[in-house]
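Visitor: predicted structure and sequence below. I'll ask about it afterward.
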Amino acid sequence: MKTIWYYIVKFYIRIGLFFYYKKLKVVGQENIPKKGAVLFVGNHQNALIDPLIIAATNNRNTHFITRAGVFKKKLIIAFFDSVQMIPIYRVRDGWTTLAKNKAIFAKCMAILNKQKGLLIFPEGSHNLVRKVRPLSKGFTRILFGALEKYPSLIIHIVPVGLNYTRITDYPSSASIYYGKPIEVNKYWDKQDVFKSTNSLKDVVHKSMKVLTTHIDKNGDEYEKTVYKLDQLNVNYLDPISTNEAIEKYDNHSISGYQSPTKIKKNSFYYLFIANSFLPWIFWKKLQKGISEPEFISSIRFGLGITLFPLFYLLQSLLLKYLYGDKIAIVYVCFSLLLALISTKTSKD
């Protein structure tokens, strides 16, 4: 029953992402092993949206390693558990909680031994910067621990690159790149765990940098590079061409910049807002209280697949009471079609 519920939620998330993003480009699905133990390792820019996109765009039964801070209330814990999310504890969660990770790691190893999939974001936190940040060694502890515990087990890592045009804005577009699988066993040397860890981290980090935009700068230099890329109107959904543009910018002066394009709202967008005025007002008030900008898109998406459909349902029930079934059905279809057209026709 739990597995059935997982796939129902996964299917609904796919529909939600189709409505939410103008374009969701998927590259490299053929690189995902159809069977066997696999660990998906991705960059982390967009809070809960990142794991949702990975879950929705591959057919593996996947468990998600998630920061324990979101596991707070019983109802939330129950839901996250039902969709195979696993809490991982960090120092910021309290020193005493770190001891719980021993059981969590053992659970992850058992999942891999059952030939299933795991997802982890080894940067350790989310951040809006367009770069692959240094990787923590937590994922290597799980992988090498599994190989030590289950010597005959074969494990593959699939590096993942997530790319967004405008992470916090709506509408936006996204792309996900699945890289070539990396066989973990080739990097495991029981006699030299330190070397094994560094070697695996290095190859994974290099693979991830190819699959997403990687601006290897900080502070003003980073902002300057982003500004130049925006002026060039690079295609952030294509990390290969974008990284080539970064290299050219680093080595040559570039002239003839264009002004960065702004999001253009069309008439369908404003009609969509008018038809969804109450949930839209609720979102605008809620948005003001979001302290971490990385969560803006996640919360907007969550409301988009829950509160907005609920509002349309209640509206349709009222119309059914006043005017009958046909008008109610027409209204629901009109509302969903309007939301879709608003997303797909806006310029991101």
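Guide: Thanks, I have the structure now.
Visitor: buried ones in the longest helix seen in the chain?
Guide: For the chain, the helix that runs over the most residues, judged by DSSP state H, is helix 325-345. Across helix 325-345, burial judged by 16 or more other CB atoms under 10 Å covers 328, 331-332, 335, 338-339, 342-343. Where you see a C-beta, it was placed from the backbone N, CA and C, and this is true even at glycine.
Visitor: nearest to residue 232 among those residues?
Guide: The shortest approach to residue 232 among these belongs to residue 343, at 25.5 Å (CB to CB).
Visitor: so, low pLDDT: which residues of the stretch 151-300 of the chain?
Guide: Applying pLDDT under 70 to the stretch 151-300 of the chain flags the ranges 250-264.
Visitor: just checking, residue 234 touches residue 248?
Guide: No - shown here, residue 234 and residue 248 do not form a contact pair, counting by CB atoms under 8 Å, at 10.6 Å.
Visitor: these two: who's more crowded?
Guide: Just comparing residue 234 and residue 248: by other CB atoms under 10 Å the higher neighbour count belongs to residue 234, 19 against 12.
Visitor: mind checking what secondary structure the more buried one has?
Guide: Under DSSP: H, G, I helix; E, B strand; the rest coil, residue 234 falls in the coil class.
Visitor: need the contact list for it.
Guide: Applying CB atoms under 8 Å, 6 or more residues apart in numbering, one finds that residue 234 lies in contact with 241-242, 245.
Visitor: run a quick neighbour tally on residue 311.
Guide: Considering only other CB under 10 Å, residue 311 is surrounded by 19 other residues.
Visitor: look up the pLDDT of it for me, please.
Guide: pLDDT for residue 311: 97.
Visitor: now name the helix or strand holding it.
Guide: Residue 311 is part of helix 307-323 when elements are defined by DSSP states H and E.
Visitor: also residue 63?
Guide: strand 62-67.
Visitor: partner strands of that strand and their direction?
Guide: Strand 62-67 has these partner strands in its sheet, going by DSSP bridges: strand 85-88 (parallel), strand 117-120 (parallel).
Visitor: and residue 55, how close does it get to residue 84?
Guide: 9 Å (CB to CB, to the nearest Å).
Visitor: pull up the overlap in contacts between the two.
Guide: 62, 64.
Visitor: domain map for the protein?
Guide: 2-211, 267-345 (automatic domain parsing).
Visitor: dump those domains to a markdown table, plus distance to residue 218.
Guide: Output for the domains of the chain, formatted as a markdown table (distance: least, CB to CB, whole Å):
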| stretch | distance to residue 218 |
| --- | --- |
| domain 2-211 | 9 |
| domain 267-345 | 18 |
